[in-house]
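Asks: 3D, please:
(chains A and B)
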There are 2 protein chains.
Amino acid sequence: MLGCGNVGTEVARILLKDADSLAARTGARLDLVGIAVRNLDAPRSADIPRELLTTDAESLVKNADLVIELLGGIEPARSLIMLAIEHNACVVSGNKALLASDGPRLYELADAKGVQLSYEAAVAGAIPILRPIRDSLAGDKITRVLGIVNGTTNYILDQMDSTGADFNSALAEAQRLGYAEADPTADVEGRDAAAKAAILASLSFHSSFSLDDAYCEGISSITASDIEAAREAGLVIKLLAIAEKVTATDGAQDGVSVRVHPTLLPREHPLAAVRGAFNAVFVESEYAGELMFYGRGAGGTPTAAAVLGDLVSAARRIVLGGPGRTETTAGRVPVLSIDAVQTSYCIGLEVADESGVLARIAQIFATQGVSIETMRQTIHPADDQDQQQQYAELRIVTHRAAESALAATVAQIRDLDVTTAVTSVLRVEGV
Amino acid sequence: MLGCGNVGTEVARILLKDADSLAARTGARLDLVGIAVRNLDAPRSADIPRELLTTDAESLVKNADLVIELLGGIEPARSLIMLAIEHNACVVSGNKALLASDGPRLYELADAKGVQLSYEAAVAGAIPILRPIRDSLAGDKITRVLGIVNGTTNYILDQMDSTGADFNSALAEAQRLGYAEADPTADVEGRDAAAKAAILASLSFHSSFSLDDAYCEGISSITASDIEAAREAGLVIKLLAIAEKVTATDGAQDGVSVRVHPTLLPREHPLAAVRGAFNAVFVESEYAGELMFYGRGAGGTPTAAAVLGDLVSAARRIVLGGPGRTETTAGRVPVLSIDAVQTSYCIGLEVADESGVLARIAQIFATQGVSIETMRQTIHPADDQDQQQQYAELRIVTHRAAESALAATVAQIRDLDVTTAVTSVLRVEGV
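Replies: Predicted coordinates for the structure are as follows:
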């Protein structure tokens, strides 16, 4: 095992404690021969036998049948995984950053050597999602994956939704409870989810996608009034990691869109019921239809469960013989930019309450070829303190249209002299 | 392929249509060499090439690498699967009745021959649930499985819940829409769910359980007023297939309970949101915590998706070499009768509105060692037509207690002279 943090400690504890039942499941005993750490003297759980610790990761890797990589980050994790594969070890990793950047290269290396590289723990923690996509849906054609794959942001959005809190106080509460880190940027700005979106896209569409292919928008600009307006419309805002097959309609290129952004979902959508720090991945496929996989997305023990599942599977393969190849990322499907995607928007506006304003706005939509599904207007009377004049608040939900057309529509509306503010622009899915 | 009904027709259609993409996923072409049917001249979809049809199932089985069994029922399915295994073919089956009765014997046979026997389609249709339990959770310890595994009964209960319909009209609506068969007995009385409960229990607890091990209670006695009372209490009634590890507390035997019965669940439980004819399986395990798998439980195309996933996996094994053993049902865990299970009850009563009645009822609970969590009393005034005297309606929710103690409590209350009727006795989970 490489690394002995929160997840590693749990993996080691269970490997030692459950040695007999794991041997029964596997057909051979799993001997934890060593744990590579940077500092032998760092404070550790009493469950970790000191004699297993070593700082010589390379020697450990060269002599193991199975390597569990829980270091995180790119280096030295990448070099050590490559060394393990070269020495014919099967590798179990939970390293989403590395798999989102170098995954395809590592899978190829593992295939060439006939060893297994598995990484269930890298996406959605304890939830078995990668293996079902890879194996159970191997005869199907996935069309879209929508995932709540970041517990921090789901906790914050759920807290805002259920208590009316604003973003900053929900974040503070998440930090107090340990659901958010002191520096929450990677979670809150969607980068953690984007790495997972790239991994999900690679498996779902049998091609190679990296973090750089993902469009990424976080939740820090979501306001309490966005949440409130969504609720009034029977919707909920979730940060979704989306991997979607896009079939071109008019001569454009077919491809895959990989993206992360706050998304409005109908309250009756199965993902809308995913509360707190839980994760869920909703898969749409041609034959199976709609599937959802739900569970704990983080935490030492749940993540260790995913590592152990991979470990037992890899060990069974070694015991029974037979090579490990099960990946099929050989294709080269083009990545589409966010501009090529068809989505629907919910746009919040404040405009002057003058005659002709609605017509001017509707005209902009029509010119861009964006069809309006619903438009709701609320008139706010003049107010002595904040507001000099009576004004109108508009909430417009569009039909699906190209992102580029929607962006152009919003830009033109923003430039209108009668537009006081564009208060929110959110994408809608699941309607 | 054996059988060419609804699911078989879809499997054949996809195998022929998607031959290229399946070859890419598998590493070899999957040639559908024949389809055994009883009657060559029965009316069939135009997607089925007539030259593939044969009535000689035995010859077909003896010459195939992979056998897909979609006949249903015990014979000739069992003999043909055994013949296939003897001839070293991997078998994919969707036959829940056979697997619930003869599964363990068939797994042993397949293990001995080193071929794969897989049957994802037998439980919860398109939902990948058996493979995740078998592989992804192989390093974990499942403690309980709660499944909505019968779409007919979930549709009926959901319809009763959302429209206030009574059982008979909800059943009629389900029949009109094709969600219930003309003879709905096997679904409505829980026998279909019980077969799936036995299969889930075998995989989850690495032991052999059959349909005969399952306690089974259907939904035909659920009334509109049961549903209404549940709603008022923030609960919903679902027919659950339950497989649960039971640790004895006082010298009794540890074991597993396999059962199907209508169950009250809190509305915020993830299973409560499973609407219409959808299925979902909720898994509780020691390390992963709570997981849920959701999707379509029936229908030709979704069920075909599950068959194809198994087929591609089995074919990959054949292409890559290596034996197929992945089952571990070797243990012999005792099955506990429903009397040994701890559950909580919600009991509806009509009693005379006399002084001392509540005390007498509470005394019966106390004598049986059953602790009351909540008791709600509604007084109904005398009514000239139906009801001669004022009476009280009681709804009592208990803490967890042994089924035997609960049953004895209900029996004694029923015998009280002040008890007019025991209107409902329902088990509660997830609180």
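Asks: whichever residue of the stretch 1-150 of chain A sits closest to chain B: how many residues sit nearby?
Replies: For the stretch 1-150 of chain A, the residue closest to chain B is A:Gly139, as judged by C-beta to the nearest C-beta, at 2.6 Å. Bear in mind the C-beta positions are built from the backbone N, C-alpha and C, glycine included. By other C-beta atoms under 10 Å in any protein chain shown, the residues close to A:Gly139 number 29.
Asks: now swap in A:Leu60 and tell me
Replies: 20.
Asks: same question for A:Met375.
Replies: Count around A:Met375 with other C-beta under 10 Å applied: 16.
Asks: so what's it scoring on pLDDT?
Replies: If you check A:Met375, the pLDDT there is 83.
Asks: just to revisit the earlier point, ok, and the closest non-adjacent residue to the residue of the stretch 1-150 of chain A closest to chain B?
Replies: Spatial nearest neighbour of A:Gly139, excluding adjacent residues (C-beta to C-beta, 6 or more residues apart in numbering or on different chains): B:Leu308 at 2.6 Å.
Asks: equivalent analysis for A:Leu211, please.
Replies: A:Ala100 (4.4 Å).
Asks: ok, now A:Arg414?
Replies: Nearest residue to A:Arg414, sequence neighbours excluded (C-beta to C-beta, 6+ apart): A:Val422, at 5.1 Å.
Asks: show me what the one you found is bridged to.
Replies: Residues in a beta bridge with A:Val422, per DSSP bridges, are A:Leu349.
Asks: who touches it in this structure?
Replies: A:347-349, A:410, A:413-414 (C-beta atoms under 8 Å, 6 or more residues apart in numbering or on different chains).
Asks: please settle this for me: is A:Asn279 part of a strand?
Replies: Yes. Per DSSP: H, G, I helix; E, B strand; the rest coil, A:Asn279 lies within a strand segment.
Asks: ok, it touching A:Thr152?
Replies: No. Using C-beta atoms under 8 Å, A:Asn279 is not in contact with A:Thr152; the gap is 10.7 Å.
Asks: would you confirm that A:Gly321 contacts B:Gly321?
Replies: Yes. Between A:Gly321 and B:Gly321 there is a contact under C-beta under 8 Å: 7.5 Å.
Asks: which residues do the two both contact?
Replies: Contacts common to A:Gly321 and B:Gly321, judged by C-beta under 8 Å, 6+ apart, are absent.
Asks: mind listing the helices for the stretch 151-300 of chain A?
Replies: Per DSSP state H, counting those that start in this stretch, the stretch 151-300 of chain A carries helices over the ranges A:151-163, A:167-176, A:185-188, A:191-204, A:224-232, A:300-320.
Asks: what is the first one packed up against?
Replies: Yep, that's helix A:151-163 we're talking about. helix A:167-176, helix A:185-188, helix A:224-232, strand A:235-246, strand A:278-285 (3 or more C-beta pairs under 8 Å, 6 or more residues apart in numbering or on different chains; DSSP states H and E).
Asks: that older thread, in three-state terms, label the residue of the stretch 1-150 of chain A closest to chain B for me.
Replies: Relying on three-state DSSP, one would call A:Gly139 coil.
Asks: next one: the one 4 residues further on
Replies: For A:Thr143, the reduced secondary structure class is strand; criterion used: three-state DSSP.
Asks: residues contacting it?
Replies: Contacts of A:Thr143 (C-beta under 8 Å, 6+ apart): A:244-245, A:284-286.
Asks: and A:Leu66, what pLDDT?
Replies: Predicted confidence (pLDDT) for A:Leu66: 96.
Asks: burial of the nearest residue to it once chain neighbours are set aside, as a residue count?
Replies: Closest residue to A:Leu66 apart from its sequence neighbours, by C-beta to C-beta, 6+ apart: A:Cys90 at 5.2 Å. A total of 26 residues lie near A:Cys90 under the criterion other C-beta under 10 Å.
Asks: now swap in A:Gln390 and tell me
Replies: 13.
Asks: so it touches A:Val351, yeah?
Replies: No. Using C-beta under 8 Å, A:Gln390 is not in contact with A:Val351; the gap is 11.1 Å.
Asks: so for stretch A:70-78, mean pLDDT?
Replies: pLDDT averaged over stretch A:70-78 gives 95.
Asks: CA atoms only: put it into CSV for me.
Replies: The C-alpha trace of stretch A:70-78 is given here as CSV (Å, rounded to 0.1, in the frame of the first residue of the first chain):
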residue,chain,number,x,y,z
LEU,A,70,-3.7,6.1,-2.1
LEU,A,71,-1.1,8.9,-2.3
GLY,A,72,-3.3,11.3,-4.4
GLY,A,73,-1.8,13.9,-6.7
ILE,A,74,0.2,13.2,-9.9
GLU,A,75,3.8,12.4,-8.7
PRO,A,76,5.1,10.2,-7.3
ALA,A,77,1.8,8.3,-7.7
ARG,A,78,2.2,8.0,-11.5
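Asks: work out the gap between that stretch and the centre of the chain.
Replies: A distance of 20 Å separates the centroid of the chain from that of stretch A:70-78, by C-alpha atoms, centre = their mean, to the nearest Å.
Asks: repeat for stretch A:152-162
Replies: 16 Å.
Asks: also stretch A:400-412?
Replies: Worked out by C-alpha atoms, centre = their mean, stretch A:400-412 lies 25 Å from the chain centre.
Asks: what's the closest non-adjacent residue to A:Thr185?
Replies: Using C-beta to C-beta, 6+ apart, the nearest residue to A:Thr185 is A:Arg191, at 7.6 Å.
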